[in-house]
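>>> I would like the atomic coordinates for the input below:
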Amino acid sequence: MADTEQIAIVRVGPEDAAAGLALSSEAHWNQNEADWRYFLAKGTVFGVRDDERRLIATAALLPYSLGNAWISMVLVTANWRRRGLATKLIDACLETATKQGLTSWLDATPAGAKVYGPLGFTPTLELRRLRLDHAISTKAEAPPSLSPCGLEKFTARDGLVMGFDRANLLSELGARPGSRLLSYHNAMALVRDGRKARHIGPLFADSADNALAMVNAIVQSESGALLIDAVNEQGKFLRGLIGSGWKIERPFERMRFGRAAPQPADLPFAVAGPEYG
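Modelled structure (predicted):
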């Protein structure tokens with residue numbers, strides 16, 4: 001193997017979508033090729049190649065509005081791990097963010113948080129990824145209780161919660177084949193395809209009861225496996241999911257580069273996913 005001190009960090013282009021997907025699939029992540037193409041088109045993706053030009057590691061910086069950006073897709077193929085590549089790639093993202101005047105955020109696994117903390121990231125929020133293996137409905141359409149949700153209304157609520165605008169992202173996710181922007185009374189959520197399972201989130205509601213009712217309605221209108229990244233601070237919602245058969249797969253920790261930021265008064269019940277925030 002090459003000396004990691006001599007390895008160059010390179011920009012990764014649209015032609016590498018399949019190679020990026022291979023890395024996230026190896027890690028058993030849920031991203032599909034459409035996710036990779038979005039990052040390659042809208043973000044800055046850094047990578048490392050081996051002597052045979054194969055992509056062996058990546059990290060992406062996705063800019064949002066008001067000087068914010070998300071770092072994600074931090075991946076290293078198995079036989080190149082523990083050699084400092086992830087740290088080098090994060091450093092490249094942070095350097096780019098600094099040059100562009102961006103504050104960086106990320107959602108870290110427990111192992112990742114141990115790396116990101118010494119780099120200057122501060123915890124802000126805890127998340128729990130839950131999985132439901134078998135949504136049991138055979139209905140082709142959503143039940144009457146679920147209604148389509150307008151994109152403008154959905155992005156406005158997302159902006160209030162996040163503190164910055166993600167209309168471009170949500171428009172793209174919502175327009176993908178199979179995606180559903182839904183409302184249920186005062187709750188609203190996005191449901192979209194992933195590589196391994198359908199993903200619910202972001203999810204907003206005025207109460208845990210309405211959020212749980214919406215998830216139950218979505219489950220009744222879907223088939224196959226579902227994932228949701230629930231906000232741990234929404235304790236009643238999380239307990240309700242577990243009580244209805246959802247299983248916790250792993251925790252995530254939302255982190256911000258620099259000083260800790262106060263939590264928004266209006267927390268979501270579930271987020272868009274660790275790759276998007």
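
>>> wait, what's in contact with residue 122?
Residues touching residue 122, when contacts are defined by CB atoms under 8 Å, 6 or more residues apart in numbering, comprise 255, 256, 257, 258, 259, 260. C-beta: built from backbone N, CA, C; applies to glycine.

>>> which residues does residue 70 contact?
Applying CB under 8 Å, 6+ apart, the residues near residue 70 are 61, 62, 64, 104, 105, 106, 275, 276, 277.

>>> again, only using 10 Å
By CB atoms under 10 Å, 6 or more residues apart in numbering, the contact list for residue 70 reads 39, 43, 60-64, 93, 102, 104-107, 166, 169, 272, 274-277.

>>> hmm, back to that, could you work out the most separated pair of the contacts of residue 122?
In the contacts of residue 122, the most distant members under the criterion CB to CB are 255 and 259, with 11.7 Å between them.

>>> list residues touching both of the two?
By CB under 10 Å, 6+ apart, the residues touching both residue 255 and residue 259 are 120, 122.

>>> looking at those two, which is more packed in?
A side-by-side neighbour count of residue 255 and residue 259, using other CB atoms under 10 Å, places residue 255 first with 23 against 8.

>>> nearest residue to the more buried one in space, please, no chain neighbours.
Sequence neighbours aside, residue 121 is the residue nearest to residue 255 in space, at 3.9 Å (criterion: CB to CB, 6 or more residues apart in numbering).

>>> check for me that residue 126 belongs to a helix.
No. Note on residue 126: no helix contains this position according to DSSP: H, G, I helix; E, B strand; the rest coil, which reports strand.

>>> what is the burial count for it?
Here the count is done by other CB under 10 Å, and residue 126 has 13 residues near it.

>>> how about the strands in this protein?
Per DSSP state E, the chain carries strands over the ranges 10-11, 44-49, 55-63, 68-76, 103-108, 121-136, 147-148, 180-184, 187-192, 198-204, 223-231, 247-257.
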